[in-house]
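1. Build me a structure from this.
(2 chains)
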Protein chains: 2
Amino acid sequence: MSNASPGAWRQMDDLAARGDRVGLQSLLDDLTGTEVARAMSHLSATEQNRILTTLNAIDAAEVLDEVPDAQAAELVERLSVAQAAAIVSELPSDEQADILAAIETNRAELILSEMEPEQAADLRNLSSYAPDVAGGLMVTEVLRFKQTNTIAEVIAHLQEGGDKYVDYEIQYSYVVSDTGVLVGVLRLRSLLLALPESPISSVMLSEPLFVRDQDSVDDLLDFFDEHEFLGVPVVDAERRLLGVVKRHDVDAALTDRADGEYLKSQGIVGGEELRTMPILKRCRRRLAWLTVNIGLNILAASIIALYQDTLTAVIALAVFLPIISDMSGCSGNQAVAVSIRELSLGLIEPNEALRVWGKEVTVGAINGTVLGLFVAVAAWLWQGNVYLGLVVGSALALNTVISVSIGGAVPLLLKRWNVDPALASGPVLTTVTDMCGFLLVLGFATLMLTKLTA
Amino acid sequence: MSNASPGAWRQMDDLAARGDRVGLQSLLDDLTGTEVARAMSHLSATEQNRILTTLNAIDAAEVLDEVPDAQAAELVERLSVAQAAAIVSELPSDEQADILAAIETNRAELILSEMEPEQAADLRNLSSYAPDVAGGLMVTEVLRFKQTNTIAEVIAHLQEGGDKYVDYEIQYSYVVSDTGVLVGVLRLRSLLLALPESPISSVMLSEPLFVRDQDSVDDLLDFFDEHEFLGVPVVDAERRLLGVVKRHDVDAALTDRADGEYLKSQGIVGGEELRTMPILKRCRRRLAWLTVNIGLNILAASIIALYQDTLTAVIALAVFLPIISDMSGCSGNQAVAVSIRELSLGLIEPNEALRVWGKEVTVGAINGTVLGLFVAVAAWLWQGNVYLGLVVGSALALNTVISVSIGGAVPLLLKRWNVDPALASGPVLTTVTDMCGFLLVLGFATLMLTKLTA
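-> The predicted structure follows:
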């Protein structure tokens, strides 16, 4: 696979530069999805643009489908409105909604107004859902028939629409009442086993299983865990059929969530950055998080300024301040990560901060003791003063207990307050533990000053 | 969902304590998978054990299937060998292999020796695969027939084995030669449309698609991206049929990878910790990472000791050392996260460190300038000395460029050297950037000492 790819983007670009639509298409057909995504990410904005506009809309949509959503949104933003509308129209509805949600609102509106009014209305509707509920994950491409339709009518309809339905990944179709309420599921093979003039209600499975549009991705996971289905119909509060959620899209949403948690925990606002994004956008997003952090950092470090006399008297302490800040942050972030993981898995609820604290404090006490001893011995050996070891060791030990306690609890509290725990836990944690750590080590040192300067 | 669960674990435990197998089973049937997992994680080790041993092996296996793998392994380790073997035997083969791989080797061997020899041999085989290749993701429960079998023989076999095959999630069965080489795929419905005495080779689809046992999860993702299949047969180098990889298991492997990257980046060795794990195990794993870190931290901070005279002269610098250390770490970790993400997506290759560096250095220069100005102004306002601002600001600006350069490149270099980038990038990064940061700020300060002490 990797043998084929190094030159792929140059070849793609050459074909696009020559306007060789057929050659470009056949090259793309030979590449895997990952190879297409990698090739696109190696080309400049102009080159990527040229590839999309050289291809016809259907093939360009396939390229968009292979690259990460954030990159697809960038690509669409750079196309003309008409080109963008043509290409986006060829994507599955869930992809359409994801991409339009990721681009600038005014531009998204312009693109929508270029699309067929019915498709645009559907899409506005889809975009109103949060990305992690059934409504945000469903596709609206679903075969639906009225319960009063006869089998002959359904078969005729299928035969007419043949081409269109290839994209529907049909296994089932759905039967609705006059008001659109889901009343049954139709296995296509049942159509072959009954009289053509019977109504489809006579061969459908009634009382079908469904999920609600506001059901969370965790509910969907449970659903697919219990039922060996490839997809499930989504209904609104009045049980009207809205679309279908596919098992694969639930799985993909879980991967996206895990990826987003990782990126956000490292300060990537929005949970996605690709190096194909424009530099200023990347800077702006990273800075959004860094500038909050530097403010909090200065706040925390200002504690040190309060103890300048102690520091001047025992300058060796300055070596240990960054160590205590860093190590407490590390211990606390371990606890943050475990809490975010357990929240994701549904193993703990946001109101269980106290229980989590109970599970962390012992770990903190043990690890704090080990780390404290470590740094105490280092300080003692270095300066030959056992009291210096005592001061920095006990400060680190105590601060480790504090930081795992905060680290374990803070994601739960943030979640209760509707703040994204993955993004905010780190800064909150390190600010508090830095302040505590500096206070502890410099406070202890002030108390022991005569011993330290002896 | 959450309304039902708060008392579920108490109820489960009460039923288990009374030995009420039937009551416990019917309670578990009413709970979703997430509820079962949450309930188990709220019970003590003894209580969890009692629940598994109260249930029959099949139902206990279902409980194991709902909890995270790491917790399932813990549970199995605490059972008697006979109980463990009975319950593990009821799991799908991929789950069996995952659990046995996660428990202590001697104990796993004991459990294997209690299982049916054939099953144990299969399982030893499965356990030899890495978890992220086709062999590690496949199940061996696959319907296979010899190409010389007649349709009547196959139908008779299916009818006999009815119960057993319920678990196989059959859609297809596979046809092999006398030596086990995959030669065809059999759609079960084709069995109904041919003469019973014909060999199945007459109705099978020949030249079936397959993957190799050593194909990576990314290859599998590409495969399922191109083919709308639910599963694909896995073969060895001689094209002998080994098992089937299901689409859902590929998706799940991707989520696991993303979760593991997040946890490892925060210092959770092994990529998994649950608070149901024994405290000492949790401490040991976290400490494995923390003690390496504290050693590196002490090494980095020892730079400060070289500049004690400068520090004593300008004690205000001590306030800025932790800020520079922290902020450089933050900027660098953003670059690490984006590189790990792009590696996962296959958008960059480990040999492209130079290209990544080119993409990071501009971001670092812009963000460094902004952060440097920020901290420069803070220092100037606080001490009324513009040179202090100049020293700390330019040090932070320069060190931001250094840290994003290292942060972007280090995951790629570690990957080339076969070190896990998620686990090791952070410590490598912060050690180098701390050292550079301390050198820069204290070095600049030493050069400007007369201006700073004026």
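2. so where's the stretch 1-150 of chain A shaky on pLDDT?
-> Filtered on pLDDT under 70, the stretch 1-150 of chain A yields the residue ranges A:1-6.
3. Residue A:276 belongs to a strand?
-> No - checked against DSSP: H, G, I helix; E, B strand; the rest coil, residue A:276 lies outside a strand; its state is coil.
4. now it: how far from residue A:101?
-> 19 Å (CB to CB, to the nearest Å). Heads up, the C-betas are built off the backbone N, CA and C, glycines and all.
5. higher neighbour count, the two?
-> Taking other CB atoms under 10 Å in any protein chain shown, residue A:276 and residue A:101 do not tie; residue A:276 has more neighbours (22 against 19).
6. distance of residue A:433 from chain B?
-> Here residue A:433 is placed at a distance of 11 Å from chain B (CB to the nearest CB, to the nearest Å).
7. That residue contacts residue A:403, doesn't it?
-> Yes - contact criterion CB atoms under 8 Å: residue A:433 and residue A:403 qualify, at 4.1 Å.
8. Quickly list what's touching both of those two.
-> Common contacts of residue A:433 and residue A:403 (CB atoms under 8 Å, 6 or more residues apart in numbering or on different chains): A:328, A:329, A:332.
9. Would you mind measuring from the first one to residue A:402?
-> So that's residue A:328. Taking CB to CB, one finds residue A:328 at 7 Å from residue A:402.
10. Please identify every residue contacting each of the two.
-> Counting by CB under 8 Å, 6+ apart, the contacts common to residue A:328 and residue A:402 are A:433, A:436.
11. Of the two, which one has the most company?
-> Higher neighbour count among residue A:328 and residue A:402: residue A:328, with 31 against 20, using other CB under 10 Å.
12. which stretch of helix or strand covers that one?
-> According to DSSP states H and E, residue A:328 maps onto helix A:317-344.
13. chain center to stretch A:66-82: distance?
-> Chain-centre distance of stretch A:66-82: 18 Å, with CA atoms, centre = their mean, to the nearest Å.
14. Residues in contact with that stretch: which ones?
-> A:33-34, A:36-37, A:40-41, A:45, A:48-49, A:52-53, A:64-65, A:84, A:87-88, A:95, A:98-99, A:102-104, A:107, A:110-111, A:114, A:272-274, A:276-278, B:225, B:345, B:347.
15. Same check on stretch A:108-119?
-> By CB under 8 Å, 6+ apart, stretch A:108-119 touches A:76, A:81-82, A:84-85, A:88-89, A:100-101, A:103, A:120, A:123-124, A:127.
16. mind redoing it with 7 Å?
-> A:81, A:82, A:84, A:85, A:88, A:89, A:100, A:120, A:123, A:124 (CB atoms under 7 Å, 6 or more residues apart in numbering or on different chains).
17. Report the two of those residues separated the most.
-> Greatest spacing in the contacts of stretch A:108-119, by CB to CB: A:82 and A:124 (19.1 Å).
18. out of these two, which sits in the more crowded spot?
-> Looking at residue A:82 and residue A:124 with other CB under 10 Å, you find the greater number of neighbours at residue A:124, namely 14 against 11.
19. Point me to the helix or strand that includes that one.
-> Taking DSSP H and E as the criterion, the element that holds residue A:124 is helix A:117-127.
20. Please name every helix or strand in contact with the helix or strand following that helix.
-> Counting by DSSP H and E, the next helix or strand C-terminal to helix A:117-127 is helix A:134-137. Under the contact definition 3 or more CB pairs under 7 Å, 6 or more residues apart in numbering or on different chains; DSSP states H and E, helix A:134-137 sits against strand A:241-246, helix A:247-265.
21. how about the next helix or strand after the last one: buried residues?
-> It stands for helix A:247-265. Of the helices and strands lying after helix A:247-265 in sequence (DSSP H and E), the nearest is helix A:279-305. Within helix A:279-305, the residues that count as buried by 16 or more other CB atoms under 10 Å in any protein chain shown are A:282-283, A:285-287, A:289-290, A:292-294, A:296-298, A:300-301, A:303-304.
22. how far out from the middle of the chain is helix A:279-305?
-> 23 Å.
23. For residue A:76, give me phi and psi.
-> Backbone torsions for residue A:76, taken as degrees, to the nearest 10, come to phi -60, psi -40.
24. Distance-wise, check it relative to chain B.
-> The spacing between residue A:76 and chain B, counted by CB to the nearest CB, is 18 Å.
25. for residue A:259, same thing?
-> From residue A:259 to chain B the distance is 5 Å (CB to the nearest CB).
26. same question, residue A:25
-> When residue A:25 is compared with chain B (using CB to the nearest CB), they lie 16 Å apart.
27. Report the contact partners of that residue.
-> A:55, A:59.
28. Quick one: the strands in chain A, in order.
-> Taking DSSP state E as the test, the strands found in chain A are A:144-146, A:172-176, A:182-187, A:205-206, A:211-212, A:231-235, A:241-246.
29. so how far is the fifth one off the chain centroid?
-> Centroid displacement of strand A:211-212 relative to its chain, using CA atoms, centre = their mean, is 22 Å.
30. pLDDT averaged over it - what is it?
-> Averaged across strand A:211-212, pLDDT comes to 96.
31. Give the partner strands of it in its sheet and their orientations.
-> Note on strand A:211-212: by DSSP bridges, its sheet partners are strand A:231-235 (parallel).
32. how's chain A carved up into domains?
-> Chain A breaks down by automatic domain parsing into domains covering A:8-128, A:144-250, A:278-452.
33. looking at these, which is closest to residue B:198?
-> domain A:144-250 (23.2 Å).
34. how far does that closest one stretch from start to finish?
-> One end of domain A:144-250 to the other measures 22 Å (CA to CA, to the nearest Å).
35. can you check stretch A:207-227 too?
-> End-to-end distance for stretch A:207-227, by CA to CA: 15 Å.
36. Would you mind listing the buried residues in it?
-> For stretch A:207-227, burial by neighbour count (16+ other CB under 10 Å) applies to A:208, A:210-213, A:215-225.
37. Same question for stretch A:431-441.
-> By 16+ other CB under 10 Å, the buried positions in stretch A:431-441 come out as A:431, A:432, A:433, A:434, A:435, A:436, A:437, A:438, A:439, A:440, A:441.
38. Render the CA-only coordinates of it in PDB, please.
-> Provided in PDB are the C-alpha atoms of stretch A:431-441 (Å, rounded to 0.1, in the frame of the first residue of the first chain):
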ATOM      1  CA  THR A 431      -3.800  26.100  37.900                       C
ATOM      2  CA  VAL A 432      -5.100  24.800  41.200                       C
ATOM      3  CA  THR A 433      -2.300  22.300  41.700                       C
ATOM      4  CA  ASP A 434       0.400  24.800  40.800                       C
ATOM      5  CA  MET A 435      -0.900  27.200  43.300                       C
ATOM      6  CA  CYS A 436      -1.200  24.600  46.000                       C
ATOM      7  CA  GLY A 437       2.200  23.200  45.200                       C
ATOM      8  CA  PHE A 438       4.000  26.600  45.300                       C
ATOM      9  CA  LEU A 439       2.200  27.400  48.500                       C
ATOM     10  CA  LEU A 440       3.100  24.100  50.100                       C
ATOM     11  CA  VAL A 441       6.800  24.100  49.200                       C
END
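39. contacting residues around residue A:236?
-> The contact partners of residue A:236, by CB under 7 Å, 6+ apart, come to A:213, A:242.
40. So which bits of the stretch 151-300 of chain A are right by chain B?
-> Within the stretch 151-300 of chain A, the positions near chain B by CB under 7 Å from any CB of the partner chain are A:169, A:218-219, A:222, A:225, A:228, A:247-248, A:251-252, A:254-255, A:258-259, A:261-263, A:265-268, A:273-275, A:279, A:282-283, A:286-287, A:290-291, A:293-294, A:297-298.
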